[in-house]
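S.K.: quick one, structure for this:
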Amino acid sequence: MAARVSPGQIEAAACELVIRFQKHFFGRGPTWVAATCWGNALVVQLRGVLTPAEQSLVEPSSPDSQRGQSLLRDCRDQLVRQAEPRLIAQVAELTGRPVEGIHLLHDLVPASNEEVFVFSFSGAGAMKCSCGLERVRDAAAMAGLRHCTATEGSELIG
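M.R.: Here you go, the predicted model:
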C-alpha cells in the first residue's frame with residue numbers, strides 16, 4: 001500500500017514543479033512561491049517573476065506601459081499553453097487526481113510582479129466545490145492580487 005501524501009507535501013512539490021517550469025521557460029525562477037490546496041484546486045502563487053527586461057516593458061512611467069503589459073501577458077500565456085499538457089501531467093502525477101486545466105492570473109505591474117497558477121481538478125478525484133473563473137478570481141483576491149487579469153484554461157469553464 002502506497003503511503004498517503006499530505007497536502008503540505010503536495011504543496012511543497014507543486015512549488016518546486018512551478019519553479020522548475022519558470023526557470024526552464026522564462027530563464028529564471030520567482031523570488032517567492034507558495035502553494036495551497038484549495039477546494040478542488042491547487043493554487044500556486046509566485047512573486048518576483050519578471051526579468052529586468054520584462055520589468056522595463058511594463059514600467060508605469062513608460063508611454064507604452066499598457067501595450068507592454070498586454071504583450072507580456074500574451075507571451076507568458078502562450079508559453080504556459082505550450083507547456084500545458086506537460087504541466088497537467090506532472091500535477092496529475094503529483095496529486096493522483098485528474099487535472100481539468102490551468103488558469104493563469106497576472107499582476108505584472110513592477111510593484112506587484114506576481115502570477116498565480118490555479119490547477120483545477122476534474123472527475124472522480126475532484127472535491128465538492130467546482131473551480132470556475134469566479135473561484136480563480138477569488139483565489140487572486142485571497143492572494144492579494146490587485147491588478148490581475150485571468151486567463152481561462154483551454155478546456156476549463158462553462
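S.K.: quick check: closest non-adjacent residue to the spatially most central residue of the chain.
M.R.: Using C-alpha atoms, centre = their mean, the residue of the chain that lies closest to the mean C-alpha position is Phe117, 1.3 Å off. With sequence-adjacent residues excluded and distances taken as C-beta to C-beta, 6 or more residues apart in numbering, Phe117 is closest to Val44, at 4.5 Å. Any C-beta I mention is one placed from the backbone N, CA and C, and that applies to glycine too.
S.K.: show the pLDDT at the one you found.
M.R.: Listed pLDDT for Val44 reads 95.
S.K.: kindly format the C-alpha coordinates of the helix or strand harbouring it as PDB.
M.R.: Applying DSSP states H and E as the criterion places Val44 in strand 41-47. As requested, C-alpha coordinates have been extracted for strand 41-47 and formatted as PDB (Å, rounded to 0.1, in the frame of the first residue of the first chain):
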ATOM      1  CA  ALA A  41      -7.800  23.300  -7.000                       C
ATOM      2  CA  LEU A  42      -4.100  23.600  -6.400                       C
ATOM      3  CA  VAL A  43      -3.200  27.300  -6.200                       C
ATOM      4  CA  VAL A  44       0.500  28.300  -6.700                       C
ATOM      5  CA  GLN A  45       1.300  32.000  -6.100                       C
ATOM      6  CA  LEU A  46       4.600  33.400  -7.400                       C
ATOM      7  CA  ARG A  47       6.200  36.800  -6.700                       C
END
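S.K.: can you list the strands that that strand pairs with?
M.R.: strand 32-38 (antiparallel), strand 114-121 (antiparallel) (DSSP bridges).
S.K.: what's next to that strand, contact-wise?
M.R.: With contact meaning C-beta atoms under 8 Å, 6 or more residues apart in numbering, strand 41-47 is reached by 10-11, 14-15, 18, 22, 30-37, 91, 95, 112-121, 131, 135-136, 139, 142-143.
S.K.: max-length helix in the chain?
M.R.: Of all segments of type helix in the chain, defined using DSSP state H, the longest is helix 65-95.
S.K.: picking that back up, what's the residue nearest to the centre of the chain in contact with, if anything?
M.R.: With contacts taken as C-beta under 8 Å, 6+ apart, Phe117 has the following neighbours: 18, 43-44, 46, 80, 102-104.
S.K.: check the residues you listed and tell me the two furthest apart.
M.R.: Greatest spacing in those, by C-beta to C-beta: Val43 and Val80 (15.0 Å).
S.K.: please say which of the two ends up with more neighbours.
M.R.: Taking other C-beta atoms under 10 Å, Val43 and Val80 do not tie; Val43 has more neighbours (27 against 19).
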